[in-house]
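Visitor: Sharing a model prediction with you, sequence too.
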Amino acid sequence: MRLKDKVAVITGASRGIGRAIALRFAEEGCDVVVCYRADSGAALETVRLVEACGRRAIALQADVTRRKEVRGLMAVAVDRMGRIDILVNNAGVNKVCTFDEITDEDWDWVLDTNLKGPFICCQEAWEYLKVGGGRIINIASVAGQYHGPKTVHYAVSKAGLISLTAAVARYGAEWGILVNAIAPGIIETDLTRDELRGPGGRAVVGLTLLKRPGELQDVTSAAVFLAGDDQNYVTGQVISVAGGAVLP
């Protein structure tokens with residue numbers, strides 16, 4: 001129970017990596033605020049699964065690109081759950097296309113969600129996190145470390161998120177707020193399993209040193225490490241969960 005009685009706000013927690021982190025945190029004793037943009041049914045399923053672990057959970061709707069909605073989300077989270085100890089900026093979008101195919105609308109949609117959104121969430125959670133020296137975990141991507149190649153706007157947004165992580169860590173140090181990022185690589189989920197077995201997926205897996213995709217527990221284990229009290233001296237860092245696809 002490494003996160004016993006802590007409260008985490010997790011954006012994009014209705015499915016995929018966000019839901020997996022929510023459930024792993026619950027198993028470690030954490031209560032969870034499930035932030036979602038559109039799919040209330042999926043968010044409520046995450047709530048049900050968290051509650052099945054014996055922890056409290058609520059689902060709150062907010063578009064992370066809209067400051068007023070995020071401000072309301074954080075206020076309701078504190079009112080309902082008592083405080084915020086952990087913020088996980090997981091909500092993200094992507095549109096696979098080549099550099100010359102990216103439209104202005106594509107660029108704005110990806111950058112607003114993947115970079116502006118976490119920036120707004122960090123700012124709006126800041127006063128609450130300062131109370132107890134909280135944790136911020138940004139879910140970046142190995143694409144932001146090797147810069148593409150087919151999703152330039154996505155890679156730029158995640159590289160920016162990695163930079164934001166380091167910059168915010170400087171400000172958080174005074175208050176004991178530890179800010180880190182996780183950069184997943186090829187992670188096998190229900191959404192990616194078929195793709196990974198195709199020729200394109202096999203080629204991407206071939207870029208890793210381990211020659212296999214990662215699993216959700218690889219990402220959630222890193223999140224628990226960064227969120228828990230076992231460590232109190234890691235901040236401004238990026239943990240690459242990518243099977244060695246990128247080396248420093």
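Guide: In hand now; what should we look at?
Visitor: going forward, measure contacts between C-alpha atoms and count neighbours the same way
Guide: Will do.
Visitor: helix or strand right after the longest helix along the chain?
Guide: Ordering each helix of the chain by length in residues (DSSP state H) puts helix 152-172 first. Counting by DSSP states H and E, the next helix or strand C-terminal to helix 152-172 is strand 178-184.
Visitor: mind listing the strands in this structure by residue range?
Guide: 7-11, 31-36, 57-61, 86-89, 135-139, 178-184, 187-188, 214-215, 238-241 (DSSP state E).
Visitor: hey, least reliable of those strands by pLDDT?
Guide: Mean pLDDT is lowest for strand 187-188 among the strands of the chain, at a mean of 90.
Visitor: Gln145 reaches Ala159, doesn't it?
Guide: Yes. Applying C-alpha atoms under 8 Å, one finds Gln145 in contact with Ala159, separated by 6.4 Å.
Visitor: Tell me how many other residues crowd Gly176.
Guide: By other C-alpha atoms under 10 Å, 19 other residues sit near Gly176.
Visitor: For the chain, which residue occupies the most central location?
Guide: Centroid check for the chain by C-alpha atoms, centre = their mean gives Asn90 as the closest residue, at 2.4 Å.
Visitor: how about that residue, what does it touch?
Guide: By C-alpha atoms under 8 Å, 6 or more residues apart in numbering, the contact set of Asn90 is 10-13, 17-18, 138-140.
Visitor: picking that back up, reformat the strands of the chain as JSON lines; add mean neighbour count and distance to Glu45.
Guide: Supplementary listing: the strands of the chain in JSON lines, determined by neighbours: other C-alpha atoms under 10 Å; distance: least, C-alpha to C-alpha, whole Å:
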{"stretch": "strand 7-11", "mean neighbour count": "27", "distance to Glu45": "14"}
{"stretch": "strand 31-36", "mean neighbour count": "28", "distance to Glu45": "10"}
{"stretch": "strand 57-61", "mean neighbour count": "22", "distance to Glu45": "9"}
{"stretch": "strand 86-89", "mean neighbour count": "27", "distance to Glu45": "19"}
{"stretch": "strand 135-139", "mean neighbour count": "28", "distance to Glu45": "22"}
{"stretch": "strand 178-184", "mean neighbour count": "26", "distance to Glu45": "24"}
{"stretch": "strand 187-188", "mean neighbour count": "20", "distance to Glu45": "21"}
{"stretch": "strand 214-215", "mean neighbour count": "18", "distance to Glu45": "21"}
{"stretch": "strand 238-241", "mean neighbour count": "21", "distance to Glu45": "27"}
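Visitor: quick one: the longest helix of the chain to strand 178-184, angle?
Guide: 160 degrees (axes from the mean of the first three to the mean of the last three C-alpha atoms, to 10 degrees).
Visitor: So which residues make contact with helix 152-172?
Guide: 93-95, 98-99, 102, 106-107, 110-111, 114-115, 118-119, 138, 140-141, 143-149, 177-181, 235-238.
Visitor: burial count for Leu196?
Guide: 20.
Visitor: you'd agree it is up against Thr189?
Guide: No. Leu196 sits out of contact with Thr189 when judged by C-alpha under 8 Å, with a separation of 9.6 Å.
Visitor: residue boundaries of the helices in the protein?
Guide: Using DSSP H, helices in the chain cover 16-27, 40-52, 67-81, 104-111, 117-132, 143-146, 152-172, 193-197, 199-205, 216-227.
Visitor: same for the first one, what does it pack against?
Guide: For helix 16-27, the contact count by 3 or more C-alpha pairs under 8 Å, 6 or more residues apart in numbering; DSSP states H and E identifies strand 7-11, strand 31-36, helix 40-52, helix 216-227 as packing neighbours.
Visitor: ok, back up a step: biggest separation within the contacts of Asn90, which pair?
Guide: Ala13 and Ala140 (15.0 Å; C-alpha to C-alpha).
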